[in-house]
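Student: Requesting a structural model of the entry that follows:
(2 chains)
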Protein chains: 2
Amino acid sequence: MTSPTWVVNAEAGLLEKVVYSPDGLVAAIAQDAESGEVLMMAWMSAEALALTLQTGRATYYSRSRQELWRKGDTSGNIQHVVSARADCDGDTLLLAVHQKGPACHTGARSCFDAGGHHD
Amino acid sequence: MTSPTWVVNAEAGLLEKVVYSPDGLVAAIAQDAESGEVLMMAWMSAEALALTLQTGRATYYSRSRQELWRKGDTSGNIQHVVSARADCDGDTLLLAVHQKGPACHTGARSCFDAGGHHD
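Tutor: Alright, predicted model coming up:
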């Protein structure tokens, strides 16, 4: 077994608790572990979740491209996952993450700060 | 025109920005306006979002019951929405809310604290 580079503090029984949609996905909210800012929401397949927990690198499933994407592989803006837990009915995950650089492809820190709203 | 009981600070052009799923829904994350805690994720139809913005009371769409539900009507644990904004691709909403009592039907403050995870 190789040494893990990161350990995700996953809720006990998380993998059994998750309820996937008919298309095999679960919503995942990424929240900044330090500031509490909500950075983004994306989707995970069972494989994406397993990879996320094994590697500590947030890995999602792209519904448009129909493939896994490990956040930061293209942009360098990687997400290390500190903890992961599911909600009461298991169909949404909440990840506490260390976000390197902006989380949004627009260059904004958060996908919810991509412009247009009042400040 | 009747007096509003609450004014939601909605992102400019929010209604035009939202991209609904093929079944007419958009994901909505409710975050505690004071603590930053993520309380729950639920779904909104266009009607639910319009009612939320008009009334300031978080109103969702139940996929299982296929009907609108205004949070707190049964439990008393209402959500007043302080602000609403969409993410970069318009398919997720982030609501800052004042949550009265627990947000979760289990009695937990957050649906992500409903039990079972490490502390």
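Student: just the strands in chain A please.
Tutor: A:9-10, A:26-32, A:38-44, A:59-62, A:67-70, A:79-86, A:92-99 (DSSP state E).
Student: between the lengthiest helix in chain A and strand A:38-44, how many degrees?
Tutor: Longest helix in chain A, counting residues (DSSP state H): helix A:46-55. Angle of helix A:46-55 versus strand A:38-44, following axes from the mean of the first three to the mean of the last three CA atoms, to 10 degrees, is 120 degrees.
Student: now for helix A:46-55, which elements pack on it?
Tutor: helix A:14-17, strand A:59-62, strand A:67-70, strand A:79-86 (3 or more CB pairs under 8 Å, 6 or more residues apart in numbering or on different chains; DSSP states H and E). (Each C-beta comes from the backbone N, C-alpha and C, glycine too.)
Student: Can I get those in JSON lines including distance to B:Arg70 and mean pLDDT?
Tutor: JSON lines is the format used below for these (distance: least, CB to CB, whole Å; pLDDT from 0 to 100):
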{"stretch": "helix A:14-17", "distance to B:Arg70": "28", "mean pLDDT": "92"}
{"stretch": "strand A:59-62", "distance to B:Arg70": "32", "mean pLDDT": "98"}
{"stretch": "strand A:67-70", "distance to B:Arg70": "37", "mean pLDDT": "97"}
{"stretch": "strand A:79-86", "distance to B:Arg70": "25", "mean pLDDT": "97"}
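Student: How about the residues of chain A by chain B?
Tutor: A:9-14, A:17, A:27, A:29, A:31, A:35-38, A:40-41, A:83, A:85-89, A:92, A:94, A:104-106, A:108, A:111-112, A:114, A:116-118 (CB under 8 Å from any CB of the partner chain).
Student: now the residues you listed: which count as buried?
Tutor: A:10-11, A:14, A:17, A:27, A:29, A:31, A:37-38, A:40-41, A:83, A:85-88, A:92, A:94, A:104, A:108, A:111-112, A:114, A:117 (16 or more other CB atoms under 10 Å in any protein chain shown).
Student: which stretches of chain A have low pLDDT?
Tutor: A:1-6, A:115-119 (pLDDT under 70).
Student: let's see 90
Tutor: Applying pLDDT under 90 to chain A flags residues A:1-8, A:11-13, A:114-119.
Student: ok so, going back, now, of the helices and strands packed on helix A:46-55, which is deepest in the fold?
Tutor: Mean neighbour count (mean count of other CB atoms under 10 Å in any protein chain shown) peaks for strand A:79-86 among the helices and strands packed on helix A:46-55, with a mean of 22.
Student: where's A:Ser75 relative to B:Glu16, distance?
Tutor: A:Ser75 sits 28 Å away from B:Glu16, taking CB to CB, to the nearest Å as the criterion.
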